[in-house]
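Enquirer: Sequence first, then the predicted structure, then my questions.
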Amino acid sequence: EFALLLPRIDSVEDAAATAQQVLDILQESFALADVEINVNASIGIAVHPLHGENANKLIQRADVAMYVAKESHSGFEVYSTDRDGYSPARLALASELRQAIENEDLLVHYQPKVDIKTRRVVGVEALVRWIHPEHGFMPPDEFIPLAEHTGLIQPLTKLVLRSALRQCREWQKEGLDLDVAVNLSVRSLLDLQLPESVSALLREFSVEPTRLVLEITESSIMADPIRAADVVDRLSGLGIGLAIDDFGTGYSSLSYLKRLPVSEIKIDKSFVMSMTSQDNDAVIVRSTVDLGRNLGLRVVAEGVETIEMFNELESLGCDIAQGYLLSRPLPAAELTAWAKDWRSAEEGALVASLAS
Ligand code: C2E
Ligand code: CA
Ligand code: CA
């Protein structure tokens with residue numbers, strides 16, 4: 001990361017024009033030895049005094065804007081309070097979220113993943129839930145970005161990991177062999193301490209590393225591919241499985257993905273949900289299944305809502321299904337009951353009965 005100080009510029013427009021010039025210059029490839037190297041950059045802009053009175057504030061806000069630019073792949077972004085976790089209303093919510101994490105008021109629900117061929121429940125995905133005392137149910141899509149921007153994502157991820165691993169251990173004691181998947185967001189993936197803390201948690205709960213899958217998205221990898229690859233390599237070295245979540249929605253290059261030690265790809269639910277109605281989405285699902293097979297990766301379809309989708313995925317040779325057809329995400333105790341019922345039912349009978 002580099003900081004550019006532009007002392008003679010005092011308007012947002014001029015700063016933006018300079019950022020664009022820098023991006024244009026970086027556009028051209030560099031020759032390093034005999035290799036052509038292409039460099040991408042994401043630039044965050046904060047202007048004095050509009051966005052801050054002192055250097056600390058300006059750098060912090062330029063950093064917030066830089067992460068917005070990285071996530072949206074827009075090249076550069078000017079700091080804006082809407083997209084910042086630091087505006088007063090967001091700050092209040094962030095402090096409530098911090099409380100909720102400290103008091104362990106966040107819940108973790110689990111959604112089953114079923115092997116399409118054998119119809120067995122093979123694992124679950126852990127999904128965090130926050131019931132806010134005034135606003136009620138808060139969708140994770142809203143408070144995860146807030147946690148990302150306010151330094152709360154580390155304790156949040158840790159809380160979810162702890163719950164999931166403790167639960168995994170409980171299930172094992174009850175004879176339910178379930179893998180658990182936990183979502184990682186950008187900052188967790190770029191946290192160089194993460195492999196060490198995951199490894200400590202696995203020891204604490206005596207869970208085999210192969211039972212744990214971490215789900216990462218293409219865009220979070222591409223936010224900083226070199227650093228992400230370092231973290232991912234170390235996680236995989238521990239024996240932990242890695243899944244590419246929301247596959248098909250990102251910008252990553254296939255050649256880059258192929259080099260990552262990934263064990264699973266999850267086809268984004270937007271494609272799965274319309275595969276039975278839209279031809280081009282069916283094509284995307286089909287090609288992803290083929291791609292996974294050719295690269296030796298497990299392919300999971302998420303957002304499986306109907307028996308038609310399940311059957312079509314089966315005929316395409318997709319490995320695993322996850323979605324409302326099988327079950328919504330459930331509190332741990334309900335998932336245990338669900339999994340026991342599922343196991344005692346005739347193979348496939350449940351899928352058929354769910355459809356009616
Ligand atoms: P995701 O990882 O793609 O999770 C799948 C989302 O799809 C979940 O939404 C799940 O409830 C929903 N879903 C599952 N089956 C179906 C279906 O058949 N139809 C439809 N329409 N939706 C289905 P949820 O729980 O609201 O989570 C949203 C996102 O929030 C997740 O997307 C994930 O990116 C993030 N998230 C959730 N929990 C965590 C967490 O503990 N840590 C982090 N970093 N992110 C999390
Ligand atoms: Ca996920
Ligand atoms: Ca997903």
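Expert: Perfect, I can see it now. Ligands and ions are numbered 1, 2, ... in the order given.

Enquirer: what about the longest strand in this structure?
Expert: strand 121-132 (DSSP state E).

Enquirer: what sits against Gly237?
Expert: Shown here is Gly237, whose contacts under the criterion Cβ atoms under 8 Å, 6 or more residues apart in numbering are Pro195. For the C-beta atoms, the positions are set from N, CA and C on the backbone; glycine is no exception.

Enquirer: give me phi/psi at it?
Expert: Main-chain dihedrals, Gly237, degrees, to the nearest 10: phi -60, psi -30.

Enquirer: Ok, the one 5 residues further on next?
Expert: Backbone geometry at Leu242, expressed as degrees, to the nearest 10, gives phi -130, psi 130.

Enquirer: Near it, how many other residues are there?
Expert: Leu242: 21 surrounding residues under other Cβ atoms under 10 Å.

Enquirer: Am I right that it is in contact with Lys266?
Expert: No - with contact taken as Cβ atoms under 8 Å, Leu242 and Lys266 are classed as non-touching, separated by 11.1 Å.

Enquirer: is ligand 3 contacted by the helix or strand hosting Pro145?
Expert: Under the criterion of DSSP states H and E, Pro145 resides in helix 140-149. No - using Cβ under 5 Å from the ion, we find that helix 140-149 stays clear of ligand 3, coming within 10.9 Å at best.

Enquirer: Return the distance of that helix from the chain's centre.
Expert: For helix 140-149, the gap between its own C-alpha mean and the chain's C-alpha mean amounts to 12 Å (Cα atoms, centre = their mean, to the nearest Å).

Enquirer: Equivalent analysis for stretch 244-254, please.
Expert: 11 Å.

Enquirer: Do it and ligand 2 come into contact?
Expert: Yes - looking at stretch 244-254 against ligand 2 by Cβ under 5 Å from the ion, the contacts come from Asp245.

Enquirer: From start to finish, how long is stretch 125-139 in a straight line?
Expert: Taking Cα to Cα, to the nearest Å, the first and last residues of stretch 125-139 lie 16 Å apart.

Enquirer: Any residue of it touching ligand 1?
Expert: Yes - under the criterion of Cβ under 6 Å from any ligand atom, stretch 125-139 makes contact with ligand 1 via 127-128, 139.

Enquirer: Check which residues of that stretch are buried.
Expert: 125-128, 130, 138 (16 or more other Cβ atoms under 10 Å).

Enquirer: now do stretch 25-44
Expert: Neighbour counts over stretch 25-44 (16+ other Cβ under 10 Å) mark 41-44 as buried.

Enquirer: Out of those residues, flag the one nearest to Arg203.
Expert: When these are compared for distance to Arg203, the smallest value, 36.7 Å, is given by Ser42; criterion: Cβ to Cβ.

Enquirer: can you pull the contacts of the closest one?
Expert: Contacts were defined as Cβ under 8 Å, 6+ apart; by that measure Ser42 touches 66, 69-70, 73, 75-76.

Enquirer: Closest to Thr18 out of those residues?
Expert: For the contacts of Ser42, with Thr18 as the reference and Cβ to Cβ as the criterion, the closest is Phe76, at 9.3 Å.

Enquirer: okay but the closest one is in contact with Ile43, surely?
Expert: Yes - taking Cβ under 8 Å as the contact criterion, Phe76 and Ile43 are neighbours in contact, 3.9 Å apart.

Enquirer: Please enumerate the shared neighbours of the two.
Expert: Taking Cβ under 8 Å, 6+ apart as the contact rule, the neighbours common to Phe76 and Ile43 are 19, 23, 69.

Enquirer: where's the residue located most distally from the centre of the chain relative to ligand 2, distance?
Expert: Relative to the average C-alpha location in the chain, and by Cα atoms, centre = their mean, no residue lies farther out than Arg8, which sits at 40.5 Å. From Arg8 over to ligand 2 the distance is 47 Å, taken as Cβ to the ion, to the nearest Å.

Enquirer: Need the pLDDT of that residue.
Expert: As predicted, Arg8 sits at a pLDDT of 92.

Enquirer: Phi and psi next, for it.
Expert: Arg8 adopts backbone torsions of phi -100, psi 10, taken as degrees, to the nearest 10.

Enquirer: on that earlier part again, just checking: what are the partner strands of the longest strand of the chain?
Expert: Each strand paired with strand 121-132, and its direction, by DSSP bridges: strand 107-115 (antiparallel), strand 136-138 (antiparallel), strand 179-183 (parallel).

Enquirer: now the second one, how far from the chain's geometric center?
Expert: For strand 136-138, the distance from its own C-alpha centre to the chain's C-alpha centre is 21 Å (Cα atoms, centre = their mean).
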